[in-house]
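*Asks:* sharing a sequence plus its predicted fold:
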Amino acid sequence: TQLLEQSPQFLSIQEGENLTVYCNSSSVFSSLQWYRQEPGEGPVLLVTVVTGGEVKKLKRLTFQFGDARKDSSLHITAAQPGDTGLYLCAGGPGNQFYFGTGTSLTVIP
Amino acid sequence: NAGVTQTPKFQVLKTGQSMTLQCAQDMNHEYMSWYRQDPGMGLRLIHYSVGAGITDQGEVPNGYNVSRSTTEDFPLRLLSAAPSQTSVYFCASRSPGRYTQYFGPGTRLTVL
């Protein structure tokens, strides 16, 4: 049973479009992270959110943590080919981090 | 600063063989973890350690052993490899109280 469910699993969009990726759980997390992974490499942390309702912006990426700290979303504005990759959310109640199923994003030039 | 290093990068085993995946970090991080990544499953935690001499099981520990004799090293042992252990394995480290995990480049393991 996957603790964190991500949707959609695959996303293919044209350059310049906007998109949103969702990360949902029935569990409450003390923190939630978003990673991006390129083929053949390990995940790289993009952001950590810790407060319910928190919104963080990283250039064209906007991350939101749900009020109940059970879900999160990642919104990308004006996607670029360089945004292509696997996006993973991860939540940690303590020493362990549980990862979502991942969203594979392809941005077509 | 090399960060987190993993060896080997690729490995092919026959069913029943044993091997050790190596992981080392030079950031003096107390916390280290091993994950496996399978298509459509994200990353799943195998074992983790909060310091030298302390290890604990994650979500999918069966078939794997770990030990942590030093802060720097956290090897993962497969005692009798099975085809179900074909996967990409990632090692990660972080400091206690910090959320940022640093991942190694991964080991791609195929068990025939």
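*Replies:* Perfect, I can see it now.

*Asks:* tell me, how many residues neighbour the closest residue to chain A within chain B?
*Replies:* Closest residue of chain B to chain A, C-beta to the nearest C-beta: residue B:103 (3.0 Å). For glycine as for every other residue, the C-beta is placed from the backbone atoms N, C-alpha and C. Look at residue B:103: counted by other C-beta atoms under 10 Å in any protein chain shown, it has 23 neighbours.

*Asks:* so who does the residue nearest the centre of chain B touch?
*Replies:* Nearest residue to the geometric centre of chain B (C-alpha atoms, centre = their mean): residue B:34, 3.1 Å. Residues near residue B:34 by C-beta atoms under 8 Å, 6 or more residues apart in numbering or on different chains: B:21, B:23, B:45-48, B:58, B:64, B:66, B:74, B:76, B:89-92.

*Asks:* intersect the residues you listed with the contacts of chain A.
*Replies:* The subset of those lying close to chain A, counting by C-beta under 8 Å from any C-beta of the partner chain, consists of B:45, B:48, B:58, B:90, B:92.

*Asks:* am I right that the last one sits in a strand?
*Replies:* Yes. Going by DSSP: H, G, I helix; E, B strand; the rest coil, the assignment for residue B:92 places it inside a strand.

*Asks:* circling back: OK, contacts around the closest residue to the residue of chain B closest to chain A other than its chain neighbours?
*Replies:* If the residues on either side of it in the chain are set aside, residue B:103 comes closest to residue A:42, at 3.0 Å by C-beta to C-beta, 6 or more residues apart in numbering or on different chains. For residue A:42, the contact set (C-beta under 8 Å, 6+ apart) comprises B:4, B:90, B:92, B:103, B:104, B:105, B:106.

*Asks:* now do residue B:108: how many residues are near it, please.
*Replies:* Considering only other C-beta under 10 Å, residue B:108 is surrounded by 16 other residues.

*Asks:* against residue A:100, how distant is it?
*Replies:* Per C-beta to C-beta, to the nearest Å, residue B:108 is found 22 Å from residue A:100.

*Asks:* pLDDT on the longest strand seen in chain B, on average?
*Replies:* If you go by DSSP state E, chain B has its longest strand at strand B:42-51. The predicted model assigns strand B:42-51 a mean pLDDT of 93.

*Asks:* strand partners (parallel or antiparallel) of that strand?
*Replies:* Applying DSSP bridges, strand B:42-51 is found paired with strand B:31-38 (antiparallel), strand B:54-57 (antiparallel).

*Asks:* which element is the residue lying farthest from the centre of chain B on?
*Replies:* What lies farthest from the middle of chain B is residue B:97; by C-alpha atoms, centre = their mean that is 20.8 Å. In this structure, residue B:97 sits in neither a helix nor a strand according to DSSP states H and E.

*Asks:* circling back: in CSV, list the ones next to chain A among the contacts of residue B:34 along with neighbour count.
*Replies:* Output for the ones next to chain A among the contacts of residue B:34, formatted as CSV (neighbours: other C-beta atoms under 10 Å in any protein chain shown):
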residue, neighbour count
B:45, 22
B:48, 23
B:58, 20
B:90, 26
B:92, 25
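
*Asks:* stretch B:87-100: how far from the chain's middle?
*Replies:* How far stretch B:87-100 lies from its chain's middle: 9 Å, per C-alpha atoms, centre = their mean, to the nearest Å.
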